[in-house]
Each structure stands twice: as C-alpha cells, then as structure tokens.
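> Need a 3D model of the following:
(one chain, ligands or ions: 1)
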Amino acid sequence: MLLDNLGLSLPSLAHVTPSSLLVSFAVLLLVTTVAYVLITELYRQKVRLPTIPGPTGYPIVGNFYQLGHDPAETLRQWGKQYDHGVFQIMLGTMPIVVFNSMQAARDVFIGQGHSLIDKPVFYTFHSVLSSVASSIGTTPWSESTKRRRKTAMSAMNRPGVASYLPFIDEITKSLISDLWERGEGGEIAFDPKNSISKTVTDLTMTVNYGARLPPDAGLLEEIIDAEDELSRIKTPLGSTQDFIPILRLLPFNKKSVTARETNRRRLAYLHRFSREMETRMEKGTERPCIQVNCIKDDEAKLDQVDLLGISMSMVSGGLDTMVNTIAWAVGTLALRPDIQDKAYNAIVEAHGSESWGNTDDETGVPYMNALVKECLRSFSVLRLSLPRAAFKDIQYNGMHIPKGTTVFLNAWACNRDEKLYGPDADAFRPERFLDDPDLPHAAYGFGTRMCAGFHLANRQQYIFLLRLIWAFKIEKSLDAEDKGFTTMDPLGDSMEPWHLAAIPPSFKVRLIPREPEALKNVLSG
Ligand code: HEM
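Sure, this is the predicted structure:
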C-alpha cells in the first residue's frame, strides 16, 4: 500500500536495473559534489578578509597546496609583493593573516600585544589529541592559561633558572663525555644528533621534575619518539583535515588514530614522573625544579590539570627547539673553523685554557652570546612560530584583522629581513649581534605569548655551545662516504620543511679534544 502510494509498486521496481541504479548514484554524487564545492566556495569568498590582500587560491583547498615544499620560504617570497609584508592566505576556508616583516611584526605583536594574546583552536590537536590538558603555547587565552603562563614564567625567570644550573652542569658534562667517547678522542667521525637529542630530553625532564631520568631501557627513546609525533600533529600546517573538514569523515582516519594513541603514550610518562616527584616531595628529598617551584608558588593555586599543562609545555617547548638549534649549530661550526677560532679565543680570554668557567657566568663571553643569538636567528627552528588568534579587532595600516582571525608570525622571513639585517641577512655572522647588542630576532616570537622559556633556553644553549667549543675542535668528516656534507644551509638543507621545527640534515663530524688533560680535569671536577 505504502509503496503504491509512493508510486513504487513492485512491477515498477522490477524495471530498476543495476545500470540505472549506477547512473542515479553517479548523478546524485555529481549534484552533491557540485553543491558542496559551490557552498564552500561561497563561504570561502564570504570569510575572506576584505581589507587584506593575498592570493585567492582554489575552491575547497584555498592556498594549501600552493605552499609547496617549504611553506615558510614560500610565504616569505609571497610577502615581498605586499606592503609591510602582511597578507592573507586561505587554508581551506580559513583566512590566515601572515606577518613577514620585522617592522610589521613588532608593530602589531608588541605594539598591540594584548590584541594577539589568543591562540586558535585546531581540530586534530585540540579536539582529538588534547583530551585532558594542553600545553600553554597551544591553549586559547583564559584565566587558567593566564595562571599557568604566569607561574611557568616565574619558575623560569633568572633566579629560577639559576637554581637549575647544577642540573645543566651535570648533564652537559655527560654530553661532552659521551661525545668524547663516541668519537674515540677524534679518531672516528660520527653524527652527534642522537647524543644531542638524548641529552636535551634528559635535561628537559630533569629541569622540569627535579631528578635524572630513570635508566629504564627504552624510556628515553619512547619520550623522544612520542614527542616527535606530537610536534608533527602540532605543526600548524600538518593536518589537512583541520582546514578541509570533509576529510574528517573518511572512515579510517589515520591522523586521528595516531593523535589519540600519542596522547595516551605521553600521559603515561608524564603521570609517572609526576607521581615520582610527589613521592620525593612527601619525603622532603625534592630538588629545585620547574614543577616544584610551581607547586610551591602560593599565589598561583594550580590544580592537577594546570600542572599537567605546564609539564606538557616544558617538555614539548624545550625538545624540538633546543635539539634542532644545537644540531644546526654543530653542523655549521664544523664548516666554519673561523667562527670556532673566534669563539675559542674569546672563551680562553675569559676563562683560560684550563677551565670552561662556571655555569652562573652569564655574560662572561660576549662572543658566545652573539653566537647563540645568531644561531637562533639564522636557523629559526620554529619557522612559523606558534599560531596566534586575534583576541580583539586589530587595525594596521588600513588593514582590519577581525577578532578570532588566525595569525601567523613568519619568524623565518622576519629573521631574514634585509631592512633590519642588511644585504648579508642570509649569511651566518655572529658579529652582527656584537656590533648591535640590541638587535632583535624573532626566534622566540614577540609580545604577550612569546616563548616563556627563553631565559632557560638562552642559558642552556650558551653553556652547551661554550663547553663544546672549549672542549673540541669540530671538523667535518673527510671520509669518502660522508663527502655530501658540504653545506649546512637552513634554506636549502632543511629536512621536512613542513615539520613544526626545522630539522638539519644528517652530518658527521670529528671532535678533536683541544686540551685532553684539561678536559679530563673539568669532567671529573
Ligand atoms: C631554541 C629554543 C627555543 C625556541 C626557538 C623557542 C621558541 C618558541 C616560540 C616561537 C614560541 C611561540 C611564541 C609566540 O607565540 O609568539 C614558544 C612558546 C613557548 N615556549 Fe619556547 N622556544 C625554545 C625553548 C623553550 C624552552 C627550553 C622552554 C621550556 C622548557 C620553552 C617553553 C615555551 C612555552 C611554555 C611557550 C608557550 C608560551 C605561551 O604561549 O604563552 N621554550 N617558544
């Protein structure tokens, strides 16, 4: 009866053949696809920011697939066409304003800092991965974010960092011993990245939780691997489904599965280290560290979720960034004996050839401070920084950035801005920071959400590099099979430029102890 009413009596159904069904399905699919493309395109045109120029892109994907092999470099090149280096791109249907010049970035990120205090929400990272808590750097502005950031910053201010120096001393000594051993006193050429990665991971965990990592087999590797996976998910451009929502409907979504699994792995080790730290606090055997300083901060009144968020920030903030900056630096120094000589002479002038000085000697060697800054500038490991969102409407030179818009700081482009650094902006030249100690760089971002760990990062890099240069002459491998290592160019040699942090290529060096007896003494001291 019902079928009859619908005109679908059994005899009429008998005329439906498999091929006519197929045609109907194809027509339906075509109509739906055309409607989807039209609707998203209308929406895309509607949400474009009318006062900000930029390439239009294509329906559905916007400019996503035009970013090419190296997005930060593509955006830098595009930025040259626009006034003040500011323009919009569209990733899917999301407009994003990109800042590519130092002047514009400082005008807005510092000059109107409060208007850029927010962070955007991305589907994969915020909805799938961060189920319990998320790191400060990826969390939108709220009372809780404010509390966490303030507490983390005071745990990493100068006095805070000074209290972690014994850990930095101990762990950098372990690194130098390890490098000496692995290179068999300069006899063997090897890739130091693995040692750097393990040392920075150990140091980051130790400074956060106040105890060296337990020597469990595979633990260090598990942290390194999970954190690497996390930073792939955190990459602003890493997840197509963030910008093209229809992809989230795909039945087997590998991205979401990996995100959930990685979160589970991360929570396992973070909870374990927190429990062990709480036990030390109960016994009164804790040592000064970021978590203990945060817990003891009476004003902060942090709950467990806040503390977990701070731990996540310390671990993810300090790993990729530090490991890759130091690895780029070692490779670059191997190709630049002139810079090693200048740095070594400056260290010897300050501390003599028998000692590498104390860890609390902050301004002892100005050339080393300049070298650290030039490494940060030249390698710009977080090339697109971490995305921000406009907390309020922003006006800049006739451009209107509405509240809620996602904003990228192209730190890579700012750090190569010839208007500030001159025609040799591409050259690696630490002296530029000696000539002008107030010369800025964009590696830590700017303003209200700039890197909360920059003091700690500066101290760690200074101590790592000073000890390395004092201890060894770094020579590139001359072995026949390593002939490829002739450049260490942050532009052309960056591996996986879509990754959150710029990864240097593999390279091998020979580390020749400069004064073996003095080195033995400082390591045993
Ligand atoms: C070479 C080393 C480092 C570099 C280049 C670096 C760079 C950055 C950048 C670009 C940001 C985003 C800033 C912005 O949005 O404007 C950031 C945020 C942050 N970094 Fe670092 N970082 C480094 C080391 C560290 C270390 C060692 C820690 C702590 C252990 C740390 C903790 C943080 C935190 C907590 C944030 C989030 C700040 C916020 O959103 O309020 N960083 N970092």
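
> After the host helix or strand of Val305, heading C-terminal, what element do we hit next?
Remark: Val305 resides in helix 304-335, with elements defined by DSSP states H and E. Note on helix 304-335: by DSSP H and E, the next helix or strand toward the C-terminus is helix 337-351.

> buried ones in that next one?
Ile339, Gln340, Lys342, Ala343, Tyr344, Ala346, Ile347, Val348, Ala350, His351 (16 or more other Cβ atoms under 10 Å). Placement of C-beta: from N, CA and C, glycine included.

> So what angle separates the directions of that helix and helix 304-335?
Counting by axes from the mean of the first three to the mean of the last three Cα atoms, to 10 degrees, helix 337-351 lies at 110 degrees to helix 304-335.

> Kindly export helix 337-351 (C-alpha atoms) in CSV.
What follows is the C-alpha trace of helix 337-351 in CSV, where atoms were taken according to Å, rounded to 0.1, in the frame of the first residue of the first chain:
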residue,chain,number,x,y,z
PRO,A,337,86.5,26.9,11.6
ASP,A,338,86.9,30.7,11.5
ILE,A,339,83.9,31.1,13.9
GLN,A,340,85.2,28.3,16.1
ASP,A,341,88.6,30.0,16.4
LYS,A,342,87.0,33.4,17.4
ALA,A,343,84.7,31.7,19.9
TYR,A,344,87.5,29.6,21.4
ASN,A,345,89.9,32.6,21.7
ALA,A,346,87.1,34.6,23.4
ILE,A,347,86.4,31.7,25.9
VAL,A,348,90.1,31.3,26.6
GLU,A,349,90.5,35.1,27.1
ALA,A,350,87.6,35.0,29.7
HIS,A,351,88.3,31.7,31.4
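
> contact partners of that helix?
Contacts with helix 337-351, where a contact means Cβ atoms under 8 Å, 6 or more residues apart in numbering, come from 332-333, 356-357, 361, 364-368, 371, 428, 430, 465-466, 469-470, 473-475, 514.

> what about 6 Å?
Counting by Cβ atoms under 6 Å, 6 or more residues apart in numbering, helix 337-351 makes contact with Leu333, Gly357, Gly364, Val365, Tyr367, Leu371, Leu466, Ile469, Trp470, all of which sit outside it.

> same check, this time on stretch 213-230
Contacts with stretch 213-230, where a contact means Cβ under 6 Å, 6+ apart, come from Ser197, Lys198, Thr201, Asp202, Met205, Thr262, Arg265, Arg266, Tyr269, Leu319.

> Any part of it near the ligand?
No - figure legend: stretch 213-230 not in contact with the ligand (Cβ under 6 Å from any ligand atom); closest approach 12.2 Å.

> re the thing from before, so which of the contacts of helix 337-351 belong to helices?
Leu333, Tyr367, Leu371, Leu466, Ile469, Trp470 (DSSP state H).

> Going by distance to the ligand, which of the residues you listed wins?
Proximity of these to the ligand was ranked by Cβ to the nearest ligand atom; the top entry is Leu371 with 13.3 Å.

> looking at it, the closest one is touching Pro430, isn't it?
Yes - Leu371 is within contact range of Pro430, at 4.5 Å (criterion: Cβ atoms under 6 Å).

> neighbour count winner among the two?
Leu371 (29 against 22; other Cβ atoms under 10 Å).

> what's the helix or strand for the residue of the stretch 301-450 of the chain found nearest the ligand?
For the stretch 301-450 of the chain and the ligand, the shortest gap (Cβ to the nearest ligand atom) falls at Gly445, measuring 2.1 Å. According to DSSP H and E, Gly445 maps onto no helix or strand at all.

> ok, it - contacts?
Gly445 makes contact with Ser385, Cys451, according to Cβ under 6 Å, 6+ apart.

> let's see 7 Å
With contacts taken as Cβ atoms under 7 Å, 6 or more residues apart in numbering, Gly445 has the following neighbours: Ser385, Leu409, Ala411, Cys451.

> tell me, which of these make contact with the ligand?
Checked against the ligand using Cβ under 6 Å from any ligand atom, the contacts of Gly445 give the following subset in range: Ser385, Cys451.

> Serialize the contacts of Gly445 to TSV and add fields for secondary structure, neighbour count and pLDDT.
Below are these laid out as TSV (DSSP: H, G, I helix; E, B strand; the rest coil; neighbours: other Cβ atoms under 10 Å; pLDDT from 0 to 100):
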residue	secondary structure	neighbour count	pLDDT
Ser385	coil	29	95
Leu409	strand	28	98
Ala411	helix	28	98
Cys451	coil	22	96
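
> For the stretch 1-150 of the chain, what lies in contact range of the ligand?
Counting by Cβ under 6 Å from any ligand atom, the residues of the stretch 1-150 of the chain that sit close to the ligand are Ile136, Gly137, Arg149.

> make it 8 Å
In this structure, the stretch 1-150 of the chain approaches the ligand at residues Phe109, Lys119, Ser135, Ile136, Gly137, Thr138, Thr139, Thr145, Arg149, judged by Cβ under 8 Å from any ligand atom.

> can you put the buried residues of helix 337-351 in TSV and add pLDDT and distance to the ligand?
Shown next, in TSV, are those (pLDDT from 0 to 100; distance: Cβ to the nearest ligand atom, whole Å):
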residue	pLDDT	distance to the ligand
Ile339	98	19
Gln340	98	20
Lys342	98	22
Ala343	98	18
Tyr344	97	23
Ala346	96	21
Ile347	95	21
Val348	95	26
Ala350	92	23
His351	91	24
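
> List just the nearest of those residues to Gln241.
Distance to Gln241, by Cβ to Cβ, is smallest for Ile339 among these, at 43.8 Å.

> which SS state does Pro505 fall under?
For Pro505, the assignment made with DSSP: H, G, I helix; E, B strand; the rest coil gives coil.

> Please narrow the residues of the stretch 1-150 of the chain next to the ligand to those residing in helices.
Within those, membership in helices is found for Thr145, Arg149, as judged by DSSP H.
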